[in-house]
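1. here is a sequence together with a model predicted from it:
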Amino acid sequence: MIVEKLSQLLGKENVEFKPDILESFSRDLSFVSPIRPAYVVKVKNLEEVQNLVKIANETQTPLIPVSSGAPHFRGDTVPGTGGAVIVDLSGMKRVIHISRKHRMAMFEPGVTFGELISAVAKEGLRLNIPLAPRRSKSVLGSLLEREPVVMPIYHWDISDPSGCFEITFGNGELFRTGAAAGSGTIEEQWAAGGSQKEAAGPSSASWYRLIQGAQGTMGIVTWGTARCEILPKLEEPYFIGSSNLENITNALHWLVRLRLANECLVLNNVDVAALLANNGTEFQKIKTSLTPWILFFNIAAYDYYPEERIKGQMEDMNGVAKKIGVQAVKTLGKIHANEFLKIIQQPSSEPYWKIRIQGACQDIFFLTIYEKLDELIKTMHEEADKIGFTTTNIGIYLQPIVQGVNCHCEFNLFYNPLNAAETDKVKQLNSIATRSLMEKGAFFSRPYGENTSLIMNRDAATVAALKKVKQITDPKHIMNPGKLCF
Amino acid sequence: MTLNKEQYTAFEDIVGPEYISSDPAILFSYSWRSGLYAPPQDFSPLFEAIILPHTNEEIQAIVKLSNKFKLQFKASSTGWGPYNDATAPGCVKLDLRRMNRIIEINVKNMYAVVEPGVIGTQLQAECMKLGLNCNQNGAGTNCSASPIVGHCGFGHLSQSGSYGERNQLALEWITPEGELVCFGSLGSTGAWFCGDGPGPSLRGAVRGNVVPMGGLGVFTKAATKLYHWPGPTSVELEGVSPSYVPTSIDNHFLIRIYSFPDMEMMDQAQRKIGEAEIAYELMGFNKGMAASNIATSNEEMLKLHAEFSNLLTDFCLMVIIGGYSARDFEYKTKVLNQIAIDTQGKSLTKISDDPEVAAGCMWRWLRPTASIREVFRATGCFAGEVGGTDVFRLMADYIVETAKVKQKMINDKLIFDDGAPPFTQSIEHGHYGHGELLIRYIPNPSNWAGMMDFMAKANEIAIKQHFGVPGHVFSDMQHDIYGPHVMNYHKWLRKIKKSFDPNGASEGSHHITVKE
């Protein structure tokens, strides 16, 4: 019996099979069909993870690594098959190492944004974080999912701010990616002056790229490193409000291209209201007080002549704005840019902003380029109209990533999960809009949930190649089977 | 072994008689080994034929035929190093020089799409017309502009323009079995802006901080990130190489070489410049490279080297500031001056006081063509040690350690005496670093044996002192030396090779082979 083996390995108290616990892992806020796991196990260290993977290989037991706490949104941690074991890594909470000199941090999967932000801040560093992540979100989980982050000038590559990972592959073998591979132990590398910062390699493969975006299908990551940035000495945040999206993206382009802004993102009035409001009344009030599009950006300065740098960059920014025909302001409606900056430099307050007002939210997100945005937003609205979902209630988040080479476009469909008709509309819209957006050129680089097959099937050659990689790392397919194309 | 008539005709049917040859004169010209890592022998083994394909379809057909005929193939674009060579009979060369189109330059989203035959200088010139720039391989803009076909892809511009592994976007890959795989957005939508997904990124299978060097199929098109270019759209040059200067370079640029009292101060300066985000270029430089670059002849180089030996320590940084406005330039210059004071950096007056020398150097380091002067000056031939990538100081320390071995070769009079100081690269405003050690020599059996001994010692230092896997590590032999100390990565790399190239058709002597 596997339960005996698990109890022997992890201790009885760390093997959970109470119905309510199993039920909580059988579903999430996505539309993925619920499947109840057989057990939920809590692991504490690498050794336990390695032994667990060994047992899973011997018994052909599916393993589903989960680092973040509830609520989950995308179906990737819902078992794709029966008899699965949820591997709960949220108790692995060590911040292993922080280096101010090398601007990096190393931490375990259970470390959340709130915890790591305060730990690195003590060393004068900061993280490049996603937009107001939920309190329970694992930093490592976010890195592994290639989540977009809010400071595009420090997002050089789509994998950023990831560094190295320690992973037990599905076949049970331990590997450390990038510079962490060695030679030597991590401690020996530190003593030599190394910092496990270079993610690529060793040699002519970059294993971290094959682990990211895999939704736990390659193995179990037990620590990771992230590159950090230094804390600014001065910051001056601004808004640009407009009803003209082209003006907004022109401003975005130049702010990122000239490295004028740290935090830099675009939201529509719905998403700004969702981020700030505590209740439905506030939400409506804020929403109606704002322009359709809000570009938020933050000019920052560091150790050398910070006042001079801020002043100069503000002049340059105003020059850019003038040329485009927009104006940067400190206050929009009743929102002050400094307050907004504080909100997006931390995890979301509770309840999480995406579920605070209505109780549930379905995200549709993809990558594109600026020139396609208009058409894709129009497509989304057309599909919403067809279903009867009110377009003025769709949140839109545009995040330049990879230093403005890509644009993450996210539609947030806020809804009341207790209203069956509304829930059904969102479910339908999620499916038909995804298909229509793909037809118009949206690139769903991170497919989750019930649309995964639709997305993966577009690229049969990539699927065939990925299956070869999977065969190397997890030949018995014990890692999160049923996800992506595996 | 030479191709039999059936084989030759089959390849000829694909590309036409004009674009295939097994004429000995052609084969020998492709196997002449000079420049980088030139051995005492003048020629490497001959290819069976040289084929110049023009399209994906032609390459796919050639690759499939190679598998069928149990031949190997090796593709190259500009062919700098010995890793472009055949290592044994039974291999055909795919010279990709006819695939030389710039497919797209997207200004607003700042990326370009190129075929492998486009060289860096061509793409850079077109980008500059649009106010943009692209990273360049440190070996020079004579190398391919594709981010996946250079060896490492680090270069002078990496401080503000990163490097190949991180500039790569969508990619077209013809696998060693002849299948076409389009990475990222290209496979799903036909657009080039992203190279990752859906799901895990296949970029991880086809390159690390170095590329597979012809050992894993053919990369036929690639998109690369572009960056803001704060200079003019074109530049007039006055004079003829080697004595030329740009006459119209924008006045928002400044170049300096700073000498520091020790490694600690140089390291501090590198970090402060990086954190202040002021440098367009930042490299750990040395007197030998400076002398070679400024000089217009070997005699002048020797004179300058002697002069610089009295002025420069072994710990120098080359910095270029590029301001996108007068205000930006003024601020960055002020910060640079303060950092130099804080870290006891002394500026080389030959650069700071002579506008013609400064302008010439600046142009060679911005384009960049500087490496050509540095590596070929003196002996016409060079080798060295190519470190890995992690943080700047670690890589600099590695080079300092291997430089001790180089010094012994200098003492034994095996190589040109240009001292043995580090040559390092700061990347992404100081987040990462890379280091190399230049060795200039005239090939003969004794110094070649010395060179092999040097490489063995450099490997030993990297492994025992935990400096990571250097970029010069390629081939089964070297991977098998490093792998057991580095998470057995060689076994994983070999698994990738076997999975995608079960017949070993893509000549992998400089990558890894499918041997057990």
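-> Happy to help now that I have it.

2. A:Met438: which element?
-> In the assignment (DSSP states H and E), A:Met438 maps to helix A:420-439.

3. other SSEs contacting that helix?
-> strand A:360-368, helix A:370-387, strand A:406-415, helix A:452-456 (3 or more CB pairs under 8 Å, 6 or more residues apart in numbering or on different chains; DSSP states H and E). Heads up, the C-betas are built off the backbone N, CA and C, glycines and all.

4. which parts of the helix or strand hosting B:Asn67 are buried?
-> In this structure, B:Asn67 is located in helix B:56-69 according to DSSP H and E. By neighbour count on 16 or more other CB atoms under 10 Å in any protein chain shown, the buried set for helix B:56-69 is B:Glu58, B:Ile59, B:Gln60, B:Ala61, B:Ile62, B:Val63, B:Lys64, B:Leu65, B:Ser66, B:Asn67, B:Phe69.

5. tell me the one of those residues nearest chain A?
-> Taking CB to the nearest CB as the measure, chain A lies nearest B:Gln60 of the buried residues of helix B:56-69, at 12.0 Å.

6. gap between the spatially closest residue to the closest one that is not a sequence neighbour and chain A?
-> With sequence-adjacent residues excluded and distances taken as CB to CB, 6 or more residues apart in numbering or on different chains, B:Gln60 is closest to B:Gly178, at 4.7 Å. Distance, B:Gly178 to chain A, by CB to the nearest CB, to the nearest Å: 12 Å.

7. okay, now the unreliable bits of chain B?
-> B:1, B:250, B:516 (pLDDT under 70).

8. quick one: residues in contact with the helix holding B:Asn67.
-> Contact partners of helix B:56-69, identified using CB atoms under 8 Å, 6 or more residues apart in numbering or on different chains, comprise B:7, B:10-11, B:14-15, B:51, B:53, B:71-73, B:75, B:92, B:94, B:172, B:174-180, B:217-218, B:220, B:503, B:505-506.

9. with just CA atoms, put that helix into CSV.
-> Presented in CSV, the C-alpha positions along helix B:56-69 are these (Å, rounded to 0.1, in the frame of the first residue of the first chain):
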residue,chain,number,x,y,z
ASN,B,56,14.3,25.5,-45.5
GLU,B,57,13.0,23.0,-48.0
GLU,B,58,16.4,22.5,-49.4
ILE,B,59,18.0,22.1,-46.0
GLN,B,60,15.3,19.6,-44.9
ALA,B,61,15.9,17.6,-48.0
ILE,B,62,19.7,17.6,-47.5
VAL,B,63,19.4,16.6,-43.9
LYS,B,64,17.0,13.8,-44.7
LEU,B,65,19.3,12.5,-47.4
SER,B,66,22.3,12.7,-45.1
ASN,B,67,20.4,10.5,-42.6
LYS,B,68,19.5,8.1,-45.4
PHE,B,69,23.0,7.9,-46.8
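
10. next SSE after that helix?
-> Note on helix B:56-69: by DSSP H and E, the next helix or strand toward the C-terminus is strand B:72-76.

11. spatially nearest residue to residue 84 (excluding sequence neighbours)?
-> Looking at chain A here, since you left the chain open. A:Pro62 (4.0 Å).

12. that answer is for a different chain, and I need it for chain B
-> Nearest to B:Asn84 is B:Ser76, by CB to CB, 6+ apart, at 4.2 Å.

13. and the gap between the nearest residue to B:Ala295 once chain neighbours are set aside and B:Phe376?
-> Excluding the flanking residues, the one nearest B:Ala295 by CB to CB, 6+ apart is B:Met301, at 3.7 Å. B:Met301 sits 11 Å away from B:Phe376, taking CB to CB, to the nearest Å as the criterion.

14. of these two, who's got more company?
-> Each of B:Met301 and B:Phe376 has its neighbours counted (other CB atoms under 10 Å in any protein chain shown); B:Met301 has more, 22 against 16.

15. isn't the more buried one right next to B:Ala378, touching?
-> Yes. Using CB atoms under 8 Å, B:Met301 is in contact with B:Ala378, at 6.7 Å.

16. now the common contact residues for the two.
-> Common neighbours of B:Met301 and B:Ala378, using CB under 8 Å, 6+ apart, are B:Ser292.

17. wait, what's in contact with B:Asn447?
-> Neighbour list for B:Asn447: B:Met409, B:Leu414, B:Ile415, B:Tyr441 [criterion: CB under 8 Å, 6+ apart].

18. redo that, cut-off 10 Å
-> By CB atoms under 10 Å, 6 or more residues apart in numbering or on different chains, B:Asn447 lies in contact with B:Pro40, B:Thr379, B:Cys381, B:Ala383, B:Met409, B:Asp412, B:Lys413, B:Leu414, B:Ile415, B:Ile439, B:Tyr441, B:Phe454.

19. now B:Ser325
-> B:Ser325 touches A:Leu258, A:Gly312, A:Glu315, A:Asp316, A:Gly319, B:Pro230, B:His252, B:Tyr331, counting by CB under 10 Å, 6+ apart.

20. out of those, flag the one nearest to A:Ala442.
-> Among those, A:Leu258 lies closest to A:Ala442 (CB to CB), at 28.0 Å.

21. tell me the centre residue of chain A?
-> A:Glu147 (2.7 Å; CA atoms, centre = their mean).

22. if I look at that residue, how far off is A:Ser138?
-> Taking CB to CB, one finds A:Glu147 at 11 Å from A:Ser138.

23. just A:Lys122 next, same as before
-> For A:Lys122, the distance to A:Ser138 (CB to CB) stands at 20 Å.

24. more neighbours: which of these two?
-> Applying other CB under 10 Å to A:Lys122 and A:Ser138 shows that A:Ser138 carries more neighbours, namely 28 against 9.

25. residue 319 sits in which helix or strand?
-> Since no chain was named, I'll use chain A. Here A:Gly319 is assigned to helix A:306-324, by DSSP H and E.

26. other chain: chain B
-> strand B:316-322.

27. may I have the helix or strand following that strand as CSV, with CA atoms only?
-> As assigned by DSSP H and E, the chain's next helix or strand after strand B:316-322 is helix B:326-342. C-alpha atoms of helix B:326-342 as CSV (Å, rounded to 0.1, in the frame of the first residue of the first chain):
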residue,chain,number,x,y,z
ALA,B,326,22.4,66.2,-23.6
ARG,B,327,20.9,66.1,-20.1
ASP,B,328,21.2,62.3,-19.9
PHE,B,329,24.8,62.4,-21.1
GLU,B,330,25.7,65.1,-18.6
TYR,B,331,24.2,63.1,-15.7
LYS,B,332,25.9,59.9,-16.7
THR,B,333,29.3,61.5,-17.2
LYS,B,334,29.0,63.2,-13.8
VAL,B,335,28.2,59.9,-12.1
LEU,B,336,31.1,58.1,-14.0
ASN,B,337,33.6,60.8,-12.9
GLN,B,338,32.4,60.4,-9.3
ILE,B,339,32.7,56.6,-9.4
ALA,B,340,36.2,56.9,-10.8
ILE,B,341,37.1,59.1,-7.9
ASP,B,342,35.5,56.8,-5.4
